[in-house]
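A.B. asks: just coords:
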């Protein structure tokens, strides 16, 4: 049994997920199936040779065999036979449905083993407001921020320009605006509220350093990627990030002090431990001198951040045999029996 | 179309869920179906006359017709026909699987409308540690607490007796211990760690007042229940709470000051708003004089706290036509097309 790559989904990042899965096709040797989820909730089995962007852009996937969820895997029915696709799923559905916990809940419900964030981890990383309160509670610093909800009056809010506005629950820079002139804020809020009823407002620090680190826990030990320094043109927009996800080129380690490197790794550990087990995540940090601030958690990073690892395939194989278990309880109906006895029913 | 009562689940509170659903049978006139989820993940259609505790205790449900999830409802297949049960589901699965977000994710995925907490609300109320950091972030006070994880050394922890120990992710008093003698803490921790890897430790204040308030938002207005004062024998244990859920007797409003009443209602509003929409929840508060502290959020309270409402059926009907929507996105594949143009593929 190899990996089952699950991609697509009912998400603004649906297309990024397709690019991620095409990238993983090149990176992982032992993929046994590609399962595509369209935006309306149907699953399709995509053959390896059809794993090309054009195939999806032309909607040819609609001719592929349909799959259904069943206990232990994906069911492929034909007139003559039924077959269950089994294997460890890599949840590669970015954004809504994939990263908000819906797919995690479904895979757990159907007893399908998977690499990806579990329910709690999904909710805490998908909503940027929750990520901030979670990080602070774990003694990981975040930059100052304000929360705006639809209809809030921000005129008396203490806002120092320039600002960055982000919908609370979207990744890949969708709906994000950089505000240098306060007159632009109404339009930017309208854009952000198109995507979410909650907007996170942060000060934008033009020359702040940005570092990404990916990793996971295998056999109770942290496994880390290369630390990537983000070279940016102000901030990454959707197209730029999107094209980056298609890379398989390995990156050079950022040239930073040992103190900063330790601070980044320790912050990652505080975020990951007792929450993100079973997933390979990427944490994006800001740094001011050697002080580290969490920017965001990507629990299903673009292309699983494969370009940050020397031995990506080996790490995923090890992770796949170290997944959290999902116990089925043994219900004994002893309380029901007791209540019957008490009530005499 | 009436209500579909979904109950059972893979949870330590499986049996409480059965009692809750039997209670709702008496309280709600327009129930069109009872759907039982056993602990291994199979759905059964239970006839109204079989909605008795004995039927489940004797495992007779195994003879009932099986159901499958399908887009828009539950599918009942027979040799000759297929029928989809449609209606608004009342998620009445307490504890794990029902309150942790799994069922919410599944119902959303299959486009089944439901009364109950959505994914985020589930995760924030199911884990008592997250509930505390969420409440504090919303300016609702909580009592002081400490978090212990398996293997933590608590010998240097500042703990003042008496203490109450709770597994982070269980309701209905399961695994909870009251510690009056520090020598008892090892055994109590072993009990709690049977159920969860995280334990919340709180000071126990013997004569603290305790009040429960249930409610929801309908048409942008809060609808509140009677405020219940908990008369307790130290603290409620599993059996006591369990029997209480079977009541349909209406309760008298607690005799409290207007200030305390306002503080309880305002705290409820801060917790509910922009998170619990679509659900009828019960918040349990402590009070010291007129100061209010959140104890816990029950997003699927026993019997939906029907005994706290004068017009329970009417409220549930109104809530069922005011549920959050779950949009399907229109994916246009324009980024995929752009990447093809750039890469010349």
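C.D. replies: Ah, there it is. Please read all numbers here as calculations on a predicted model, not as lab measurements.

A.B. asks: Just the residues contacting stretch A:52-66, thanks.
C.D. replies: A:15, A:18-19, A:22, A:36, A:38, A:42-47, A:50, A:76, A:78, B:333, B:336-337, B:339-340, B:345 (C-beta atoms under 8 Å, 6 or more residues apart in numbering or on different chains). For glycine as for every other residue, the C-beta is placed from the backbone atoms N, C-alpha and C.

A.B. asks: pLDDT averaged over it - what is it?
C.D. replies: Mean pLDDT, computed over stretch A:52-66, is 95.

A.B. asks: Equivalent analysis for stretch A:19-34, please.
C.D. replies: Per-residue scores along stretch A:19-34 average to 95.

A.B. asks: Next up, phi/psi of the residue of chain A found nearest chain B, please.
C.D. replies: Chain B sits closest to residue A:105 of chain A, with a gap of 3.2 Å, by C-beta to the nearest C-beta. Phi and psi for residue A:105, reported as degrees, to the nearest 10, are phi -60, psi -40.

A.B. asks: That one is in contact with residue A:116, isn't it?
C.D. replies: No - using C-beta atoms under 8 Å, residue A:105 is not in contact with residue A:116, being 11.4 Å away.

A.B. asks: Doesn't residue A:148 belong to a strand?
C.D. replies: Yes - assessed with DSSP: H, G, I helix; E, B strand; the rest coil, residue A:148 lies in a strand.

A.B. asks: Count residues in the vicinity of it, would you?
C.D. replies: Residues lying near residue A:148 (other C-beta atoms under 10 Å in any protein chain shown) number 21.

A.B. asks: tell me the contacts of it?
C.D. replies: Contacts of residue A:148 by C-beta under 8 Å, 6+ apart are A:154, A:157, A:189, A:198-199, A:201.

A.B. asks: now with 6 Å?
C.D. replies: Counting by C-beta atoms under 6 Å, 6 or more residues apart in numbering or on different chains, residue A:148 makes contact with A:154, A:199, A:201.

A.B. asks: Which of the residues in the host helix or strand of residue A:69 are classified as buried?
C.D. replies: Here residue A:69 sits within strand A:66-70, counting by DSSP states H and E. For strand A:66-70, burial by neighbour count (16 or more other C-beta atoms under 10 Å in any protein chain shown) applies to A:67, A:69-70.

A.B. asks: Turn those residues into TSV, columns for distance to residue B:266.
C.D. replies: Shown next, in TSV, are the buried residues of strand A:66-70 (distance: C-beta to C-beta, whole Å):
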residue	distance to residue B:266
A:67	49
A:69	43
A:70	47
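
A.B. asks: hmm, back to that, measure the closest residue to the residue of chain A closest to chain B other than its chain neighbours to residue A:14 for me?
C.D. replies: Closest residue to residue A:105 apart from its sequence neighbours, by C-beta to C-beta, 6 or more residues apart in numbering or on different chains: residue B:105 at 3.2 Å. The spacing between residue B:105 and residue A:14, counted by C-beta to C-beta, to the nearest Å, is 18 Å.

A.B. asks: Likewise for residue A:144?
C.D. replies: 33 Å.

A.B. asks: Compare these two and say which is more crowded by neighbours.
C.D. replies: More neighbours surround residue A:14 than the other of residue A:144 and residue A:14, with 28 against 11 (other C-beta under 10 Å).

A.B. asks: Now do the helices in the stretch 151-300 of chain A.
C.D. replies: Per DSSP state H, counting those that start in this stretch, the stretch 151-300 of chain A carries helices over the ranges A:185-193, A:238-244, A:258-272.

A.B. asks: for the record, mean pLDDT for the shortest one?
C.D. replies: Looking back up the chat, that one is helix A:238-244. On average, helix A:238-244 scores 57.

A.B. asks: again, but for the last one
C.D. replies: Per-region confidence: helix A:258-272 scores 98 on mean pLDDT.

A.B. asks: for it, which positions count as buried?
C.D. replies: So, applying 16+ other C-beta under 10 Å, buried residues of helix A:258-272: A:260-261, A:263-265, A:267-272.

A.B. asks: circling back: quick check on the contacts of residue A:148: which are buried?
C.D. replies: Using 16+ other C-beta under 10 Å as the threshold, A:199, A:201 are the buried ones among the contacts of residue A:148.

A.B. asks: one step back: for the contacts of stretch A:52-66, which ChimeraX command selects only the ones that are buried?
C.D. replies: Those of the contacts of stretch A:52-66 that count as buried under 16+ other C-beta under 10 Å are selected in ChimeraX with:
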select /A:15,18,19,22,36,38,43,44,45,46,50,76 /B:333,336,339
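
A.B. asks: shaky segments in chain A?
C.D. replies: A:171-173, A:232-250, A:339-345 (pLDDT under 70).

A.B. asks: rerun at 50
C.D. replies: Applying pLDDT under 50 to chain A flags the ranges A:234, A:345.

A.B. asks: The lengthiest strand in chain A vs helix A:258-272, what angle?
C.D. replies: Counting by DSSP state E, the longest strand found in chain A is strand A:209-218. Per axes from the mean of the first three to the mean of the last three C-alpha atoms, to 10 degrees, the angle that strand A:209-218 makes with helix A:258-272 is 50 degrees.

A.B. asks: neighbouring contacts of strand A:209-218?
C.D. replies: Residues contacting strand A:209-218 (C-beta under 6 Å, 6+ apart): A:222-225, A:227-230, A:254, A:264, A:268, A:277, A:280, A:282-287, A:305, A:308, A:318-319, A:322.

A.B. asks: mind redoing it with 8 Å?
C.D. replies: So strand A:209-218 is in contact with A:222-225, A:227-230, A:232, A:254, A:256, A:260, A:264-265, A:268, A:272-273, A:276-277, A:279-288, A:295, A:301, A:305, A:308-309, A:315, A:318-319, A:322, going by C-beta under 8 Å, 6+ apart.

A.B. asks: Point out the residues in the stretch 101-250 of chain A that sit beside chain B.
C.D. replies: Within the stretch 101-250 of chain A, the positions adjacent to chain B are A:101-106, A:108-111, A:119-120, A:122-124, A:127, A:130, A:133-134, A:137, A:149, A:197-198, A:238-239, A:242-243, A:246 by C-beta under 8 Å from any C-beta of the partner chain.
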